[in-house]
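Engineer: quick one: sequence and predicted model below, then my questions.
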Amino acid sequence: MASTAVPNLKEQLRQLVGTPSISATDPALDMGNRPVVELLATWLEALNFKVELLPLKGNPLKANMIATLGGSSDGNGGLILSGHTDTVPYDEGRWQSDPFKLIERDNRLYGLGSSDMKGFFPLAIEAAKSFLNKPLRQPLTILATADEETSMAGAQALVEAGKPHGRFAIVGEPTGLRPIRMHKGIMMEAVRITGQSGHSSNPSLGANALEAMHSVIGELMSLRAEWQQKYNNPGFAVPVPTLNLGYIHGGDNPNRICGSTELQFDVRPLPGMHLTDLRAELQKRLASCIDNDRIRLEVISLFPGAQPFEQEQNSELVQTAEKLCGHTAGSVAFATEAPYLKSMGIDTIVLGPGDIDVAHQPDEYLGLERINPMVDILRKLIARFCL
């Protein structure tokens, strides 16, 4: 066994944090994750995992990695330990230390991605090491994805490829060692209105895009109220779907009729609400609130969106995780790759050692006290679903 070629847990995390893999909507900040998955592949191949790298179409610098140990590949069983390898950008000057250098202080490991969620991979590998010399009846898979923080393109590519195979999956997002079986989805949309500019002394000379946007905002707020009346899930801290008006810009001068304006907003739907249906309703309702033929309205999706997620309470995976963690499976408001795995018939929960409160923040860290309990939970899950 070539396990001596694999660094210890902290050294793995040091190398992962030290390998930048920022994904961002700004092309100037966006970079590939290929060096990270290649690093993971090197370690896992040394542990006798069968490793497959799957570059994303049109972007060879970004790739998913599927590493499998033992069992069969018929897709009828096994456990997947899944995480994304990209991070968000960081606030330069607001970190107390270099975000790409793992620093240990105050019983914490500081570094970009330590909590969300590069820190999950060394723990998964540490748990897997306990089973290298044991015959696994069902396969153990470690899955590493690309572009979760922006487009979910990595997860979507896996769905299109029908990979990986497995019966159960853990998505190691930061949940503070508490199992999560539900989360809201997210969609980000833009409304762009083009009118006709003109001298403000005579409104008939133009068509005011800002005034049309006033009608659009009123319609969005009415639609939000209707959705919140129709959909309610007490399992969430905010039990209704939300719609946030996040950005608006239009016009160029107070003495000109506004010729164009744009509004950007997000919707966080509950399980049972489907993005395709919501977008169709948005298109229909917003188009109907404009009755001026000199006004042109477009509704544009800023990214494909992430579906809401729900794993049934009676799932064997949920009940096993609840016993191991000592907590009832709950919900979170943030989105993950869990619905993509669930769409492939894989029972899935979200469970990881980090804290969402420090994710996407300066001085992101993983608490040392979380490491051994998470490794222990993963070992017991592997034993339950792979041996």
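Structural biologist: It's in.
Engineer: strands of the stretch 251-387 of the chain, residue ranges please.
Structural biologist: Listed in chain order, the strands of the stretch 251-387 of the chain (DSSP state E, counting those that start in this stretch) span 260-268, 296-301, 309-310, 330-332, 347-350, 365-367.
Engineer: tell me which strands and helices the second one is in contact with?
Structural biologist: Packing partners of strand 296-301 (3 or more C-beta pairs under 8 Å, 6 or more residues apart in numbering; DSSP states H and E): strand 187-194, helix 275-288. For glycine as for every other residue, the C-beta is placed from the backbone atoms N, C-alpha and C.
Engineer: name the residues of it that are buried.
Structural biologist: Under the neighbour-count criterion of 16 or more other C-beta atoms under 10 Å, strand 296-301 has 296-297, 299 buried.
Engineer: show me what that strand pairs with in its sheet, parallel or antiparallel.
Structural biologist: Strand 296-301 sits in its sheet next to strand 187-194 (antiparallel), going by DSSP bridges.
Engineer: residues in contact with the strand it pairs with?
Structural biologist: 209, 212-213, 216, 250, 259-267, 269, 275, 278-279, 282, 286, 290, 295-303, 305-306 (C-beta atoms under 8 Å, 6 or more residues apart in numbering).
Engineer: avg pLDDT for the helix or strand following it?
Structural biologist: Next helix or strand after strand 187-194 toward the C-terminus (DSSP states H and E): helix 209-230. For helix 209-230, mean pLDDT is 98.
Engineer: same for helix 209-230, what does it pack against?
Structural biologist: So helix 209-230, by 3+ C-beta pairs under 8 Å, 6+ apart, packs with strand 187-194, strand 242-250, strand 260-268, helix 275-288.
Engineer: can you put those in a markdown table and add mean pLDDT, distance to L13 and mean neighbour count?
Structural biologist: What follows is these, written out as a markdown table (pLDDT from 0 to 100; distance: least, C-beta to C-beta, whole Å; neighbours: other C-beta atoms under 10 Å):
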| stretch | mean pLDDT | distance to L13 | mean neighbour count |
| --- | --- | --- | --- |
| strand 187-194 | 97 | 31 | 20 |
| strand 242-250 | 97 | 34 | 14 |
| strand 260-268 | 97 | 31 | 20 |
| helix 275-288 | 96 | 35 | 14 |
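Engineer: how about low-confidence regions in the chain?
Structural biologist: 1-4, 72-76 (pLDDT under 70).
Engineer: which residue is the nearest non-sequential neighbour of I248?
Structural biologist: L263 (4.8 Å; C-beta to C-beta, 6 or more residues apart in numbering).
Engineer: report the contact partners of that neighbour.
Structural biologist: If you count contacts by C-beta under 8 Å, 6+ apart, then L263 has 190-191, 213, 216-217, 245, 247-248 around it.
Engineer: what's across from it in the sheet?
Structural biologist: V191, I248.
Engineer: good, wrapping up.
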